[in-house]
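Participant: Give me the fold of what follows.
(chains A and B)
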Amino acid sequence: MAIRIRLDRLLVERQISLTDLAARIGITIANLSILKTNKARAIRFSTLDALCRELQCQPGDLIERTPEPQEVDEG
Amino acid sequence: MLITRNRSEMESGRSIAAVLARLFQVASIVIFVVVALAGVTMLVGGNVAVSIDSGGLPSIESGRHARMAIPISGMLTQQGAASVDRVRGVLRFEDGPATLRVANTAIVVLLLAAAWWILREFRALFAALRERQFFLPANAARIRRVGWAVIGGEMARAAIVCFETHYARDHFTVEGLRLESHFQINVFAIVCGLMILVLAEAFREGARLQDEASLTI
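Facilitator: The predicted model follows:
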């Protein structure tokens, strides 16, 4: 997917572990891991709000869109 | 109070699914045992008669007086003031032609195999429901297969009755009855099959939504 969650980068910058963040925002480590590894299909506003509150950032800092690789026509 | 009632309803649904799963398992075992016993009886030279009734339902009988049967359909040759439109029944005989015996046996074995397969699908479905796994792609696929089986089974039933009544018309005579063949599809069964297919689509969509919901954080 072209939308990526940059949770790993923010965790390093804020020096917070995944376990700590999960405990602070009240979701499981497994779910946070899904988010971190970009396997999630969608994110709730409430989760986004909690993440932004704890990481002291804006949604735009957490979510980024990367252009998908163009398909090369070999014909 | 509400939570308690909901929990008891969930447990009740779970136990019903468990009972149905067990019931379908027992039914599939019974079919397997009946076919196996009939096969063994045939091998040891016992008298086994495979029959198809006027509705196209198969049965296997064993014993000294067991006789094979095929469905017949016909019109009475002599009608009174009040006429009989169509007579349906089964024609029983001691020792039919070998080709008919083989064909009947093959048809009954195929029908029982289909019934056994459908029962297994139902058992797997109710076993999943017992585990509270409703909206799984596998469940949607199972329901879809059952829907197609209901439609296909009804077409096969109608075709078998048509084939057997056609055979009876060409090879037997019954006094006072002009035998005919007929091909009649039960529209209700087809509608049921279509409804099951619609249900399968609902389950497929449910599975997709559940998958999406499980990956929504």
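Participant: Please state the offset of stretch B:197-216 from the chain centre?
Facilitator: Stretch B:197-216 sits 28 Å away from the centroid of its parent chain (CA atoms, centre = their mean, to the nearest Å).
Participant: Buried residues, that stretch. List them.
Facilitator: Buried residues in stretch B:197-216, defined by neighbour count with 16 or more other CB atoms under 10 Å in any protein chain shown: B:197, B:200, B:203-204, B:206-207. The C-beta positions use only the backbone N, C-alpha and C, and glycine is treated the same way.
Participant: avg pLDDT for that stretch?
Facilitator: Taken as a whole, stretch B:197-216 has an average pLDDT of 91.
Participant: that older thread, just put the buried residues of stretch B:197-216 in TSV and tack on secondary structure and distance to chain A.
Facilitator: Putting the buried residues of stretch B:197-216 into TSV (DSSP: H, G, I helix; E, B strand; the rest coil; distance: CB to the nearest CB, whole Å) gives the following:
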residue	secondary structure	distance to chain A
B:Leu197	helix	27
B:Ala200	helix	23
B:Phe203	helix	20
B:Arg204	helix	17
B:Gly206	helix	16
B:Ala207	helix	14
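Participant: Does chain B have contacts with the longest helix seen in chain A?
Facilitator: The residue-count maximum for a helix in chain A (DSSP state H) belongs to helix A:45-55. Yes - on the criterion CB under 8 Å from any CB of the partner chain, helix A:45-55 is in touch with chain B at A:Thr47.
Participant: ok, the next helix or strand after that helix near chain B or not?
Facilitator: Reading on from helix A:45-55 to the C-terminus, the next helix or strand found by DSSP states H and E is helix A:59-62. No - interface with chain B: helix A:59-62 contributes nothing (CB under 8 Å from any CB), its closest point being 12.1 Å away.
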